[in-house]
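Chemist: A predicted structure for the sequence below; I have some questions about it.
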Amino acid sequence: MAAHTYSILFYLKDKRLDKNGKAGIYVRITVNGRRSTLSIKRKVAPEHWDSRMNRVKGKEEEAKELNYYMTTIRHKLNKIHHHLIEEGKPFSAQEIKVRFLGKGEPHKMLLEVFGEHNKQMKSLVGREFALGTWKRYNTTFKHTAAFIKKQYGRTDFPIRDVDHKFITRFEYFLKFTKECNHNSALKYINNFKKIIRMAVANDWISKDPFYNYKVKFKHVEREFLTKEELESIISLNSLMPRLELVRDMFVFCCFTGLAYIDVKKLTPNNIVTHIDGSLWIQSARQKTRSKLGIPLLPTAMEILEKYENHPQVKNGECVIPVLSNQKSNSYLKEIADRCGVAKNLTTHLARHTFATTVTLSNGVPIETVGKLLGHKNLRTTQHYAKIVNKKVSDDMAILKDKLANDAKTKKSSM
């Protein structure tokens, strides 16, 4: 695009004074010598106007506020001018004015933008995003659409009109109408926040409505199996094939720390010989794509050997022929009843059990546990450390013995 001239000038139409003796302030946009003018909807007495500096005289609050407002307008006009240059097409002063007044393009609609985001995310599942991540965003989209329909009676909502009140009403809707617990509601809000932050970055909304919105999750104690409960499940006999398979998969997770989806996608190619001759699992977490390197403990090895002649394993499809997650969780409840375990046995409870009963409680350093679990942040692993009371008790017992021995030594030397 050819070079052009561009300028902005604030001035008064002082021939049109109102009954209070004030004149309207206007801004003139000039591109290549052609002008376009618009009122900024503010007035000032001509004697208080500095025509040389194009601003209001004085240091009073009213003067400061007016000058700040004009600076904001100048900034917005310059931003529009910059965007038009980037587009690389010819433009006029009138087009800058039209865009400033919001009459150029149709306003971006929330669900339209959200839907496009989810469409792109779905196309990247397996490369940048886990399937579960896309499913959560898709559920958030459905909740947002239901909220807009119920609260505003509309099929979509302008992004520029999303404000703090919209967010607090949405949170209430999730908790009351959708009956989400506090943490689940805030997870949906966090997904929604990504869409709004994207809108702010693209100038589809002028002010971030999340600026004064605070998200505080409630701490939830994570259940895990005790050593005795785990042993009762391992030693359970006379199981029908479907229950035995689910029990073995669950125990394998307890001794590897893998989530259900990560076990499901394991193949014999993921079992490798380490430099010291031991067998390791080498894979990546489906959820975070973080690399995993897990030494196989004897119990886990026994389970792999048990299924090594299964047709699906021999074909290289898997290392354990697992059932669906829904069926697995259903059958785990039967297993819990058989063992007298009162806890809600799920495939994910196995991962918690690995972190607590199998590793941390046996003195494995928290940094090592975090690496085995594929955590990117040690704070995530620390949630498990908080609930291992046995480890705390053992550590304190060692400390008490040490202090007692020190006291005896000190007495005997006196």
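Modeler: Thanks, I have the structure now. Residues are numbered from 1 along each chain as shown.
Chemist: longest helix in the protein, by residue count?
Modeler: In the chain, assigned by DSSP state H, the helix with the most residues is helix 61-87.
Chemist: return the distance of it from the chain's centre.
Modeler: Relative to its chain's centre, helix 61-87 lies at 34 Å (Cα atoms, centre = their mean, to the nearest Å).
Chemist: tell me the mean pLDDT for that helix?
Modeler: What helix 61-87 shows for mean pLDDT is 89.
Chemist: mind giving me the domain ranges of the chain?
Modeler: Per the record, the chain has its domains at 6-100, 110-201, 227-394, by automatic domain parsing.
Chemist: got the contact list for Leu225?
Modeler: By Cβ atoms under 8 Å, 6 or more residues apart in numbering, the contact list for Leu225 reads 233, 254, 341, 343, 349, 353, 357. In short, each C-beta sits where N, CA and C put it, glycine included.
Chemist: tell me, how many residues neighbour the first one?
Modeler: Look at Ile233: counted by other Cβ atoms under 10 Å, it has 21 neighbours.
Chemist: could you do the one 10 residues further on as well?
Modeler: Neighbour count of Leu243, defined by other Cβ under 10 Å: 16.
Chemist: that older thread, tabulate the domains of the chain (CSV), appending distance to Asp406.
Modeler: CSV is the format used below for those (distance: least, Cβ to Cβ, whole Å):
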stretch, distance to Asp406
domain 6-100, 68
domain 110-201, 45
domain 227-394, 19
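Chemist: pLDDT weak spots in the protein?
Modeler: Residues of the chain meeting the criterion pLDDT under 70: 1-3, 103-106, 219-221, 285-290, 378, 380, 382-383, 385-395, 410-411, 413-414.
Chemist: which of the contacts of Leu225 has the most neighbours?
Modeler: Tallying neighbours with other Cβ under 10 Å puts Thr353 at the head of these, with 28 neighbours.
Chemist: and that one, what helix or strand is that in?
Modeler: In this structure, Thr353 sits in helix 347-353 according to DSSP states H and E.
Chemist: and the nearest residue to Asn325 once chain neighbours are set aside, what is it in contact with?
Modeler: Closest residue to Asn325 apart from its sequence neighbours, by Cβ to Cβ, 6 or more residues apart in numbering: Tyr260 at 5.1 Å. Going by Cβ under 8 Å, 6+ apart, Tyr260 touches 249, 253, 322, 325, 328, 347-348.
Chemist: between the residues you listed, which is closest to Leu186?
Modeler: Nearest to Leu186 among the contacts of Tyr260 is His348, at 19.5 Å by Cβ to Cβ.
Chemist: run through the residues that contact the closest one.
Modeler: For His348, the contacting residues are 259-260, by Cβ under 8 Å, 6+ apart.
Chemist: mind checking which of the domains of the chain is nearest Val215?
Modeler: Val215 lies closest, by Cβ to Cβ, to one member of these: domain 110-201, at 5.3 Å.
Chemist: turn the contacts of Tyr260 into CSV, columns for distance to Ile159.
Modeler: Below are those laid out as CSV (distance: Cβ to Cβ, whole Å):
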residue, distance to Ile159
Met249, 45
Cys253, 42
Val322, 43
Asn325, 36
Ser328, 41
Thr347, 39
His348, 36
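Chemist: identify the farthest-apart pair in those residues.
Modeler: Across those, the longest distance by Cβ to Cβ is 13.9 Å; it joins Val322 and His348.
Chemist: distance of Tyr406 from Thr256?
Modeler: Actually, residue 406 is Asp rather than Tyr. Computed as Cβ to Cβ, to the nearest Å, the Asp406 to Thr256 distance reads 41 Å.
Chemist: these two: who's more crowded?
Modeler: Shown here are Asp406 and Thr256; by other Cβ under 10 Å, Thr256 has more neighbours (26 against 10).
Chemist: for the more buried one, what are phi and psi?
Modeler: Per-residue torsions, Thr256: phi -130, psi -20 (degrees, to the nearest 10).
Chemist: gap between the helix or strand where Lys193 lies and the chain center?
Modeler: Using DSSP H and E, Lys193 maps to helix 182-201. How far helix 182-201 lies from its chain's middle: 8 Å, per Cα atoms, centre = their mean.
Chemist: now it: buried residues?
Modeler: Within helix 182-201, the residues scored as buried using 16 or more other Cβ atoms under 10 Å are 185-189, 191-193, 195-196, 199-200.
Chemist: one more: stretch 158-178?
Modeler: Neighbour-count burial for stretch 158-178, counted by 16+ other Cβ under 10 Å, picks out 159-160, 162, 166-167, 170-171, 173-174.
Chemist: strands of the stretch 151-300 of the chain, start to end?
Modeler: 271-273, 279-284, 291-295 (DSSP state E, counting those that start in this stretch).
Chemist: now the angle between strand 291-295 and the longest one, please.
Modeler: The directions of strand 279-284 and strand 291-295 differ by 170 degrees, with axes from the mean of the first three to the mean of the last three Cα atoms, to 10 degrees as the criterion.
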